[in-house]
Each structure stands twice: as C-alpha cells, then as structure tokens.
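Visitor: Got a predicted structure here, sequence first:
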Amino acid sequence: MSKRIVVTGIGATSALGGTAPENWQNLLAGVSGARPLTHDWVAEYELPVTFAAEAVVRPETVLERPQAKRLDPASQFALIAAMEAWADAGAPEVDPDRLGVDFATGIGGVWTLLDAWDTLREKGPRRVMPMTVPMLMPNAAAGNLSLHFGARAFSRTVASACASSVESIASAYEHMQLGLADVVIAGGTESAIHPITVAAFASMQALSRRNDSPETASRPFSLGRDGFVMGEGAAVLILETEEHALARGAKIYGRLVGSAVTADSHHITAPDPEGMGASRAVRQALEQAGASPDDVTHINAHATSTPVGDVAEYTALRSVFGERVHDIPISATKASTGHLLGGTGALEAVFALLAVKERVAPPTINLTEPDPDIPVKASVEPQPLAEGPQLAITNSFGFGGHNSVAAFASYDD
C-alpha cells in the first residue's frame with residue numbers, strides 16, 4: 001500500500017455543537033454535553049437513567065421538511081455532517097465513478113423501527129409508512145449519502161457496534177489503496193437515545209446513574225466511574241488521495257496513515273481483560289503507517305468510563321507502549337460528548353486529526369480522582385503537544401469483540 005491519503009474536509013454534529021469547529025471549541029473549553037432528558041417518556045417508563053448527551057442542533061432545524069421526513073434521525077445527522085464536510089472540502093469536482101461512501105452505524109434506524117411498531121399496534125397496518133424499511137435499514141445513511149452526492153464508486157456500511165465508524169475509516173483507507181476511489185466520504189452516525197435503548201443499557205449496568213449531576217457523570221480513568229453517558233450525532237471525514245487533493249489545490253488537515261481491525265473472540269459484551277485484540281489493532285495500525293510506538297505523540301482513547309473497559313484499554317496500551325504510555329498525552333473525549341455508539345469513532349477521529357493539526361490534546365473533563373490503576377497522562381486542561389511531526393491514534397472498541405484503530409499524521413512537517 002503506497003498511496004498517500006489526506007483529509008480535506010470535516011463535519012460533525014453532537015451534544016457539543018452543530019458543526020466541527022463548534023465541537024472542537026467546546027471540547028477544548030471543557031464543556032459537557034450531558035444534560036437531563038425532558039421527554040415525557042422518561043417519567044412514563046420510569047427510566048432509571050434520566051439524562052443523556054443529545055445533539056444540540058436538531059436535524060429538523062437544518063434539513064428541509066420533505067427531506068427530513070424520509071430519513072431516520074440517524075440518517076439526518078449523517079447528511080448534516082456530510083454536507084458540512086463536503087463544503088469544508090471545497091465541494092470537490094470528482095468523477096462520480098471515483099467517489100465512494102464508507103459509512104457506519106451501530107444500531108441504525110431504531111426510532112423508525114419502533115415508531116412503526118407503535119403505529120401498527122395502535123392504528124393498524126395501513127398506517128405504517130411505505131418508507132419504513134428504507135429508513136430503518138442500517139445502510140440507509142450510506143445509501144442516502146451516495147444519492148445526495150452522486151457517489152457511484154461504492155456505498156458500503158459497517159455495523160460493528162461502537163467500533164463501527166473507525167472501522168469505516170479503515171475500510172475507506174483500504175479501498176483507496178486498492179484504487180477504487182479518489183475521494184471517499186467516511187464516518188458514522190447514531191441516534192439511539194430512545195426509551196428501549198436507555199432501559200436496555202441501564203439494565204446491563206453500562207450507564208452511569210448520576211441523575212443528580214449529568215454533566216459530571218462520564219468519568220473516564222476516574223476511581224468513581226460507573227458507566228457511560230449515551231450520546232448522539234454524526235461525524236464525517238472527506239478522504240482524498242494526495243494526488244487528487246493537490247491537483248485541485250485543496251486545503252489539507254492531515255494524513256490518514258494507517259488503520260487496523262481485529263477481534264477479541266472473548267465475550268459478546270466484555271472486552272478481553274488482557275487487551276490482546278486491542279493491542280494487536282494498535283500495533284497493526286502503526287505497522288501500516290510505517291511507524292513505531294515511539295512515534296506516537298497523542299492518543300484519543302475509547303475510554304467509555306466503565307469500570308472494566310477503561311482498565312482493559314490501559315492494559316492494551318501499556319503492552320504496546322510500555323512505560324512510555326504514562327508520558328503520551330491521552331484524551332478521553334466521551335467525558336464531554338457522551339458515547340455516540342456507532343458514530344463515536346468518527347467524531348473522535350475528527351478530534352485526533354485536529355489535535356495533530358493544532359498540536360494540542362483535548363482535556364478529559366471530570367477527572368478529579370484518577371484511578372491509580374490507570375496512571376495515564378490525561379489532563380483536565382488542554383495539553384500542548386511537542387514540536388515536530390505529530391502522530392495520533394484513535395481507538396474504538398465494540399460489543400462483539402470488535403477493535404478498530406486509525407492513525408493520523410500531521411501534514412506540514
């Protein structure tokens with residue numbers, strides 16, 4: 001594999017903001033996106049968790065009504081982030097046969113599916129929308145992005161739980177190295193803050209229950225961490241061969257230099273406590289990048305704020321980096337954004353990319369009582385990165401034992 005792949009556009013919408021710059025600015029400022037849920041269904045179903053990190057800009061305020069009505073909220077978020085990223089990339093002129101989509105979701109159109117079930121039970125089959133299946137299918141976001149941008153090279157969907165969107169970035173990298181496209185719209189989306197998912201995650205003891213203090217509930221690497229905070233939104237990266245980008249004079253944020261996907265084969269929900277699958281993914285991503293662990297200057301950790309997951313990730317990182325893991329600036333950005341499930345890796349990839357570009361590691365909020373068993377270099381303030389070339393990795397791990405890692409390098413060195 002020898003093609004140089006660059007990032008020429010980014011877009012994001014989440015609990016921190018409706019655009020990528022807003023997300024980045026609020027992340028650096030230490031803002032928390034978690035807040036109480038105000039929906040009637042919280043009390044109706046007596047949910048044990050009454051808060052989440054909902055996207056601050058609602059899709060219906062951005063998209064035209066006829067367009068929004070034909071899309072599940074997950075696809076709405078995907079389209080909004082993709083339109084921002086495409087415009088940020090300068091709306092590149094590209095042969096449709098050389099434009100691809102690699103996109104991800106962990107769950108897909110859960111709102112459409114369950115709303116249709118309610119309609120069937122309450123009003124009968126004639127009232128179920130004809131567009132129900134095209135809206136709920138997991139590939140709906142990728143398909144609609146392909147339609148919107150005229151991407152005909154391919155339109156592919158990854159659904160690997162919380163590892164999904166970094167895996168989609170890895171797939172895009174591979175597809176571009178194979179010469180299948182010059183430009184790829186890559187990323188992920190999720191809109192699953194629904195009573196059934198809140199109840200289900202709470203039932204398995206995965207969610208924080210700090211209903212009295214939502215903004216401090218997500219506490220990665222902290223002694224008192226008790227689970228993650230559900231988030232929603234989408235993020236998109238416009239990936240382009242360097243040759244194509246330079247030919248059109250595009251601005252370049254950085255390079256996607258490597259990626260990897262592995263499996264734990266350990267447990268359907270719990271990570272391998274030794275982190276062997278995760279550490280192999282990190283090593284393989286660095287090998288593909290032609291880099292060594294000593295070259296890494298920043299890590300965006302998966303760090304969901306669960307008692308088991310954070311320790312397993314630290315174990316994996318220590319096996320790769322040795323004692324140096326204690327000196328690499330690490331960020332756990334889910335503390336601010338919540339956990340976007342299948343969309344979270346794409347958002348964190350945007351953050352890792354901006355970290356190497358701006359030479360600053362974002363803060364990890366709520367880290368007031370660090371766990372002595374996870375002695376990483378995470379800071380409650382933004383951490384300046386050292387001078388010189390930058391190389392960041394971003395980790396995503398998901399139910400099913402999925403591990404995905406992407407590596408980004410600075411471009412101007």
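Guide: It's in.
Visitor: Dump the one helix or strand residue 236 maps to to CSV, keeping only the CA atoms.
Guide: In the assignment (DSSP states H and E), residue 236 maps to strand 233-241. What follows is strand 233-241, C-alpha atoms only, in CSV (Å, rounded to 0.1, in the frame of the first residue of the first chain):
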residue,chain,number,x,y,z
GLY,A,233,-24.8,12.7,16.3
ALA,A,234,-22.5,12.1,13.4
ALA,A,235,-19.1,12.9,12.1
VAL,A,236,-17.6,12.8,8.6
LEU,A,237,-14.2,13.0,7.0
ILE,A,238,-13.6,13.6,3.4
LEU,A,239,-10.7,11.4,2.5
GLU,A,240,-8.8,12.0,-0.7
THR,A,241,-5.7,10.8,-2.4
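Visitor: Please state the backbone phi and psi of residue 252?
Guide: For residue 252, the backbone dihedrals are phi -130, psi 130 (criterion: degrees, to the nearest 10).
Visitor: right, and it touches residue 245 too?
Guide: Yes. Counting by Cβ atoms under 8 Å, residue 252 does reach residue 245; the two are 6.0 Å apart. For the C-beta atoms, the positions are set from N, CA and C on the backbone; glycine is no exception.
Visitor: When these two are compared, which one has more neighbours?
Guide: Legend: neighbour count by other Cβ atoms under 10 Å for residue 252 and residue 245, higher for residue 245 (24 against 16).
Visitor: Show me what the mean pLDDT comes to for the host helix or strand of that one.
Guide: Assigned by DSSP H and E, residue 245 belongs to helix 242-247. For helix 242-247, mean pLDDT is 98.
Visitor: swap in stretch 111-119?
Guide: Stretch 111-119 comes out at a mean pLDDT of 97.
Visitor: Report the buried residues of that stretch.
Guide: 111, 112, 113, 115, 116, 119 (16 or more other Cβ atoms under 10 Å).
Visitor: strand partners of the strand holding residue 236, parallel vs antiparallel please.
Guide: Strands that pair with strand 233-241, judged by DSSP bridges, come out as strand 5-13 (antiparallel), strand 183-190 (antiparallel).
Visitor: now, of these, which is deepest in the fold?
Guide: strand 183-190 (a mean of 34; mean count of other Cβ atoms under 10 Å).
Visitor: Now do residue 217, the pLDDT please.
Guide: Reported pLDDT for residue 217: 98.
Visitor: how about the strands in this protein?
Guide: Per DSSP state E, the chain carries strands over the ranges 5-13, 35-36, 51-52, 99-105, 154-158, 183-190, 233-241, 254-263, 298-300, 330-331, 360-361, 383-384, 391-398, 402-409.
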